[in-house]
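**Q** compute the structure for the input listed below.
(chains A and B)
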Amino acid sequence: SQTIHQWPATLVQPVGSPLSLECTVEGTSNPNLYWYRQAAGRGLQLLFYSVGIGQISSEVPQNLSASRPQDRQFILSSKKLLLSDSGFYLCAWSEGLYNEQFFGPGTRLTVL
Amino acid sequence: AQKITQTQPGMFVQEKEAVTLDCTYDTSDPSYGLFWYKQPSSGEMIFLIYQGSYDQQNATEGRYSLNFQKARKSANLVISASQLGDSAMYFCAMSLSGSARQLTFGSGTQLTVLP
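**A** Residues are numbered from 1 along each chain as shown, chains lettered A, B, ... in the order given. Reported below is the predicted structural model:
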């Protein structure tokens, strides 16, 4: 069966520091991968998605970036965090022929 | 551009009763998918049910059913026989055709089941 991992689960970072959140999927090949952000009490906003290695599409211009160095690995990064980057970050995957997206446990990021 | 609207920020239901959570959508694409997700206080997003735009019948999954009214562009979630564990935030979402099938989410409805 497929599983999706995210780490860290919780992160507190100062403004201006770098960020690296990692997401890995097991039990599937060539999945679509997604990064979402959820502000407190709000819905999810799609940040990036990837349909293959090295293929990244950005939905929202910001100081975040994403990379997919391996088939089942998706990384969210920033060189300098802003206060507005605080939120709950969720990684998700789906198979190309099917519709459901399955989410990881999320990373709660607080930027101070 | 596609849009999902959930007009109920919060809902209360008595245990063992049924509840309907509203969702309307807007898209000009004839091919799309509609989803409901549950988010408990732990934060994980749990997939509940899916309805395709060309599906003739309403989707059902256990106690969850999706009341799909295409002409009205609504996709309401019905939870039958509510349980205390159903208390959570519920999100409606839509995907369009295409290989990426990225989701657009509504703002969510906080459901509280009362004992």
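**Q** got the residues of chain B near chain A?
**A** Selection of chain B residues close to chain A by Cβ under 8 Å from any Cβ of the partner chain yields B:33, B:35, B:37, B:43-47, B:50, B:52, B:91, B:93, B:95, B:99-108. Glycine gets a C-beta too; all of them are placed from N, C-alpha and C.
**Q** buried only: go through the residues you listed for me.
**A** Among the residues of chain B next to chain A, those buried by neighbour count (16 or more other Cβ atoms under 10 Å in any protein chain shown) are B:33, B:35, B:37, B:43, B:45, B:47, B:50, B:91, B:93, B:95, B:100-108.
**Q** break down chain A into its helices, ranges please.
**A** For chain A, helices defined by DSSP state H do not occur.
**Q** interface residues of it facing chain B?
**A** A:32, A:34, A:42-46, A:49, A:51, A:57, A:59, A:88, A:90, A:92, A:94, A:96, A:99-103, A:105-106, A:108.
**Q** repeat that with 7 Å
**A** By the rule Cβ under 7 Å from any Cβ of the partner chain, the part of chain A lying against chain B is A:32, A:34, A:42-44, A:46, A:49, A:51, A:57, A:88, A:90, A:94, A:96, A:99-103, A:105-106.
**Q** what strand or helix carries the residue nearest in space to the middle of chain B?
**A** Taking Cα atoms, centre = their mean as the criterion, residue B:36 is the residue nearest the geometric centre of chain B, at 3.3 Å. Per DSSP states H and E: residue B:36 is located in strand B:32-39.
**Q** quick one: mean pLDDT over that strand.
**A** Strand B:32-39 comes out with an average pLDDT of 94.
**Q** ok, residue 58 - how many residues close by?
**A** Answering for chain A, as no chain was given. Burial of residue A:58 is recorded as 14 neighbouring residues (other Cβ atoms under 10 Å in any protein chain shown).
**Q** ah, no, chain B please
**A** For residue B:58, the tally of surrounding residues (other Cβ under 10 Å) stands at 15.
**Q** pLDDT value on it, please?
**A** For residue B:58, the model assigns a pLDDT of 95.
**Q** relative to chain A, how far out is it?
**A** 16 Å (Cβ to the nearest Cβ, to the nearest Å).
**Q** so who does residue A:53 touch?
**A** Residues near residue A:53 by Cβ atoms under 7 Å, 6 or more residues apart in numbering or on different chains: A:68, A:70-71.
**Q** just give the number of residues close to residue A:70.
**A** Neighbour count for residue A:70, taken as other Cβ under 10 Å: 11.
**Q** nearest residue to it in space, please, no chain neighbours.
**A** Distances taken as Cβ to Cβ, 6 or more residues apart in numbering or on different chains place residue A:53 nearest to residue A:70, at 6.8 Å, with adjacent residues excluded.
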